[in-house]
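Q: for reference, the sequence and a predicted model appear below.
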Protein chains: 2
Amino acid sequence: MKAICRVLLLGVCILGKVVAQQDSLMMERIYTASFENGKAYENLRYLTKNIGHRIAGSAKAEKAVLWSKALMEGLAFDRVYLQEVEMPFWDRGEKEEAYIVSTKEPLNILSLGGSVATPPGGLEAEIIEVELLSELRAQGNKVRGKIVFVNKPWDESMVETGIAYGLNSSQRSRGPVEAAKLGAVAYLFRSLSSSPDDDYPHTGGTRYVNDIDSIPALAISPVGANKLSEALKKDSATRIHIVNHSAWKGNVTTHNVIAEWRGTDKPDEIITIGGHIDSWDVGEGAHDNGTGTMGTLDAIRTLMKLDYRPRHTIRLVFYMNEENGVHGALQYGETAKANAERIIAAIESDAGGFAPRGFDIKSSAERVNWIQQHWKPLFEQKFWVSRFLQGSPGVDSGVWGRHFPNTIMFNFRPDPHRYFDIHHTAKDVFEAVDRRELQSGVAAIASLLYLVDQQIDQLP
Amino acid sequence: MKAICRVLLLGVCILGKVVAQQDSLMMERIYTASFENGKAYENLRYLTKNIGHRIAGSAKAEKAVLWSKALMEGLAFDRVYLQEVEMPFWDRGEKEEAYIVSTKEPLNILSLGGSVATPPGGLEAEIIEVELLSELRAQGNKVRGKIVFVNKPWDESMVETGIAYGLNSSQRSRGPVEAAKLGAVAYLFRSLSSSPDDDYPHTGGTRYVNDIDSIPALAISPVGANKLSEALKKDSATRIHIVNHSAWKGNVTTHNVIAEWRGTDKPDEIITIGGHIDSWDVGEGAHDNGTGTMGTLDAIRTLMKLDYRPRHTIRLVFYMNEENGVHGALQYGETAKANAERIIAAIESDAGGFAPRGFDIKSSAERVNWIQQHWKPLFEQKFWVSRFLQGSPGVDSGVWGRHFPNTIMFNFRPDPHRYFDIHHTAKDVFEAVDRRELQSGVAAIASLLYLVDQQIDQLP
């Protein structure tokens, strides 16, 4: 009996090694195909240069939708379709302006997404500067009639810049309401930038609540914030002039773009992969999130070109409106829930197209351990991808995932050093993307997709 | 007895944990200091913009030597000195030119380091194109009087671009001699570039042997190589015209720059750290190797600013002439051997200033395993540095290390995706370096230096 067990065990071990070798060979083919014949970089060039930035609800966003659909229709998908998304449209209007009244020195600002306009000729007021919103309350009546200026420097100390971003991003979203409660006339927020000498303002979403007066809310560049802070040190009665034209323009219908590649074994079990196709209305939305959409599309295209046949249905989703409302992900989730779909896994790419480092995994510690044991060795030494840690899903997957709490979710993690220098700015352009870094990420995502499709049943 | 053992074991475990926590805290301080107050990026700006490229033996190389010495003298080193290095000086002279004779279409070329000049008015000849030098012999007499054109495309399939470089770099160094043996009049080499659409030529070293006639040897851009190959397909008698002015100019005296920070416990045991200060004579020598010199200097400066006191003597070496002769490293090794120095470890940085990924380690598998067990966990999750693999030392350490075969050597490995796009070209400029990536590398190197200094006695 013992002998039989040994033989069986040996058989299992040998089988395991053979499977790992097959996976390794498949991944070599994926990497070679992506580096030699990948199309993500050239598709990204088209998206950024011929369409450009594309805030949800804009004509350019719809142009991106239709072009994406045509791209997908050119591949071997079994079905390509648009999913309608209703959402309120916010428009920046004419360019914002700001200057210090006494010196006429201009300050680089950008309206925060969702902000209301100033009165037509602009507004002019004194400033109340704080690092933290929590300091505002102590100022009491002094806030009334002033512009609240939240000037908290970026915490430079972290390799994982996303944590530094997260430390302060709630002051961007909650700030206008807190300031308005105390009678402020506008809200000025030091941009979330990892570069202390950055003179670009970084936009991003903010929000109001119904029972509080909305006040104009704008981001100021780090250099501008320093200038203004210096001016306030010299003269605490320094006034600035701000003009902002942005406004909500009512509801519009826009779309998620979806393509399905039917599984051979289990067509009813779906692996969702993708990222958001909208961007902020500055720069070209290259790293955020042209690389995520063009990258996930190219990961699937690469598997198709290698004559792969998926066991499960692979569904590519380009979500609309991640940046200011996540209505695309909400719609996707409601539809999937209404249809009682079986979404067994999700992969999202929305952290840039830099050199791939790994995937955060939303699942049990036991499953993450299994992945570290079985998949990480396939990636680590040869392909320089080694982070497989328990973590959060991407924003869109996280939103629709509320209806699918047991779905395992992978969040693509590229190198984090450069992202928050260009994030949500005019600097987020095609030229900031490196071809080899992007195609390396495509290969990492395609490899993960292959492994999930082949081995998800083996997960504990 | 068992109980005592358990208590002792527990004590060791607790002690081990406390030590690891201390190391972890020290590394946090190092990273924070490097990101917030690092000087590598600003020093690199000076080196690249105020001095520029600096081929060994040139006036600019000596300017870099004296400026580096002054930089070191501004820090808390115990001794700063120059080490004389005798070497032959090679000079490019006026700019090279090449064009296709029939169409006058220009081709972007760069003389390979060490090449002789063409006759004063240039030379004109037919081409013999091959992928591999090994194909030349079969061509026999057809090679005589022609320009040998080695047009092997870069192997794009690898994440580790250094391997692709290594696959083909011997054709750069051995090519002119092989071609001259068969009577060729010049040697034209497709640039070692990871970008297929690159129109920059990449230079690099080549060599002659005494008993073979030297012929002019030049690198052609990948785009130029494609153009020329197309022209040859249409007309195999296509001729090109080449003018090259480079020449050897006799021996000069130049310098390694050395600074020592004396150890408190074991001042006679030396940890060497550094990289080469010379560069090729195009671009600004930013990634190759301004980042390696300014980075290792800043790693030490960071430890000094944290009031660290090293146990062993830390010796910073800026080697001269890595690019075309390694005479600096040869001199360093001979001097250290003559002085019977005890060099217990070496750290080299010469692979660019991209996001740090780890260190190749020249040592026994047992020691590498120990490092993976004890040091890798300190770097991996928090600082995104996870490659600690057995491998080759840097070029300079490798050269002087022949006299010190038992010295453990660490070769800094930044992300490899972008390096060979800019390597040895006019594109290797300050703007190609990212501040956060560079300072992250400084922190990784400073952390390793700290661990080596503290724990080298614990290595198996």
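A: Yes, it's here.
Q: which non-adjacent residue is nearest the residue in the stretch 51-200 of chain A that chain B sits nearest to?
A: Using C-beta to the nearest C-beta, the closest approach of the stretch 51-200 of chain A to chain B is made by residue A:157 at 3.9 Å. Where you see a C-beta, it was placed from the backbone N, CA and C, and this is true even at glycine. Ranked by C-beta to C-beta, 6 or more residues apart in numbering or on different chains and with sequence neighbours excluded, the top spatial neighbour of residue A:157 is residue B:32, at 3.9 Å.
Q: just the element for that neighbour, please.
A: helix B:2-37 (DSSP states H and E).
Q: what's the separation between residue A:272 and residue A:409?
A: 9 Å (C-beta to C-beta, to the nearest Å).
Q: what is the neighbour count of the nearest residue to residue A:142 once chain neighbours are set aside?
A: Nearest non-adjacent residue to residue A:142, counting by C-beta to C-beta, 6+ apart: residue A:128, 6.3 Å away. Counted with other C-beta atoms under 10 Å in any protein chain shown, residues neighbouring residue A:128 total 23.
Q: other SSEs contacting the helix or strand that contains residue A:128?
A: Using DSSP H and E, residue A:128 falls within strand A:123-130. Counting by 3 or more C-beta pairs under 8 Å, 6 or more residues apart in numbering or on different chains; DSSP states H and E, the packing neighbours recorded for strand A:123-130 are helix A:136-139, strand A:147-150, strand A:186-190, helix A:222-234, strand A:239-243.
Q: what mean pLDDT does it have?
A: For strand A:123-130, mean pLDDT is 98.
Q: now find how far off-centre that strand is within its chain.
A: Strand A:123-130 has its C-alpha centroid displaced from the chain centroid by 32 Å (C-alpha atoms, centre = their mean, to the nearest Å).
Q: so for that strand, what gets flagged as buried?
A: Applying a neighbour-count criterion of 16 or more other C-beta atoms under 10 Å in any protein chain shown, one finds A:123, A:124, A:125, A:126, A:127, A:128, A:129, A:130 buried in strand A:123-130.
Q: residue A:146 is in contact with the fourth one, correct?
A: Yes - Residue A:126 is within contact range of residue A:146, at 5.0 Å (criterion: C-beta atoms under 8 Å).
Q: pull the number of nearby residues for the residue lying closest to residue A:63 once chain neighbours are set aside.
A: Nearest non-adjacent residue to residue A:63, counting by C-beta to C-beta, 6+ apart: residue A:51, 5.3 Å away. Using other C-beta under 10 Å, residue A:51 has 20 neighbouring residues.
Q: please list all residues in contact with residue A:51.
A: A:60, A:63, A:64, A:67 (C-beta atoms under 8 Å, 6 or more residues apart in numbering or on different chains).
Q: listing partners with orientation, what would you give for the strand ranked longest in chain A?
A: For chain A, the longest strand by residue count, based on DSSP state E, is strand A:247-261. Under the criterion DSSP bridges, strand A:247-261 sits next to strand A:79-91 (antiparallel), strand A:312-319 (antiparallel) in its sheet.
Q: spell out which residues of the stretch 1-150 of chain A are next to chain B.
A: Within the stretch 1-150 of chain A, the positions lying close to chain B (C-beta under 8 Å from any C-beta of the partner chain) are A:28, A:31, A:32, A:35, A:36.
Q: please apply the same query to the stretch 251-400 of chain A.
A: A:355, A:357, A:380, A:381, A:382, A:383, A:384, A:386, A:387, A:389.
Q: residue B:261 is nearest to which of the helices and strands packed on strand A:123-130?
A: helix A:222-234 (35.1 Å; C-beta to C-beta).
Q: mind listing what the residue lying closest to residue A:115 once chain neighbours are set aside touches?
A: Distances taken as C-beta to C-beta, 6+ apart place residue A:217 nearest to residue A:115, at 4.3 Å, with adjacent residues excluded. Contacts for residue A:217 (C-beta under 8 Å, 6+ apart) come out as A:111, A:112, A:114, A:115, A:116, A:175, A:176, A:186, A:187, A:189, A:206.
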